[in-house]
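K.L.:
Here is a sequence with its predicted model. Questions after.
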Amino acid sequence: MNQERLMKVLLGPLISEKSTRASDENLQFVFRVMPDANKPEIGRAVELMFDVEVDCVQVLNVKGKSKRFGARQGRRPNWRKAYVRLKPGYDIDFGGGA
């Protein structure tokens with residue numbers, strides 16, 4: 001697998017109450033990923049970028065919402081997110097120290 005491709009697979013972490021709870025309880029971290037990324041690519045990308053070992057990856061597609069702009073009907077784009085579970089003993093720190 002091309003290392004350049006792996007560096008582009010992860011678009012960014014998703015930080016929300018649900019993702020924080022998943023991180024605390026299950027060592028799962030949530031990332032926004034490219035729409036054409038598959039599970040092995042996502043796992044290798046996380047291992048490469050954060051120097052951790054991945055246990056499993058779960059992926060889901062999020063449908064874009066329909067929105068109105070005055071009289072015009074619009075739609076937000078569909079996107080994809082991945083729940084990445086790490087092996088015990090590993091952790092990712094996003095630098096949110098307060």
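P.N.:
Yes, it's here.
K.L.:
Which other helices and strands does the helix or strand bottoming out on mean pLDDT in the chain contact?
P.N.:
Every helix and strand of the chain was ranked by mean pLDDT, DSSP states H and E. The lowest is helix 17-26, at a mean of 90. Using 3 or more C-beta pairs under 8 Å, 6 or more residues apart in numbering; DSSP states H and E, the elements in contact with helix 17-26 are strand 28-33. Using the backbone N, CA and C atoms, a C-beta is placed for each residue, glycine as well.
K.L.:
Heading C-terminal from the strand it packs on, find the next helix or strand.
P.N.:
As assigned by DSSP states H and E, the chain's next helix or strand after strand 28-33 is helix 39-50.
K.L.:
quick one: buried residues of that following helix?
P.N.:
Going by neighbour count (16 or more other C-beta atoms under 10 Å), the buried part of helix 39-50 is 41-47, 50.
K.L.:
what's the closest of the residues you listed to residue 69?
P.N.:
Closest to residue 69 out of these is residue 42 (33.5 Å), distances taken as C-beta to C-beta.
K.L.:
Pretty sure the closest one sits against residue 85.
P.N.:
No. Contact criterion C-beta atoms under 8 Å: residue 42 and residue 85 do not qualify, at 11.5 Å.
K.L.:
Next, show the common contact partners of the two.
P.N.:
With contacts defined as C-beta atoms under 8 Å, 6 or more residues apart in numbering, the residues adjacent to both residue 42 and residue 85 are residue 57.
K.L.:
coming back round to it: please identify which of the buried residues of helix 39-50 is nearest to residue 64.
P.N.:
Taking those together and measuring to residue 64 by C-beta to C-beta, the closest member is residue 42, at 20.6 Å.
K.L.:
Compile the buried residues of helix 39-50 into TSV and extend it with columns for distance to residue 89.
P.N.:
TSV is the format used below for the buried residues of helix 39-50 (distance: C-beta to C-beta, whole Å):
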residue	distance to residue 89
41	24
42	20
43	17
44	19
45	20
46	15
47	14
50	14
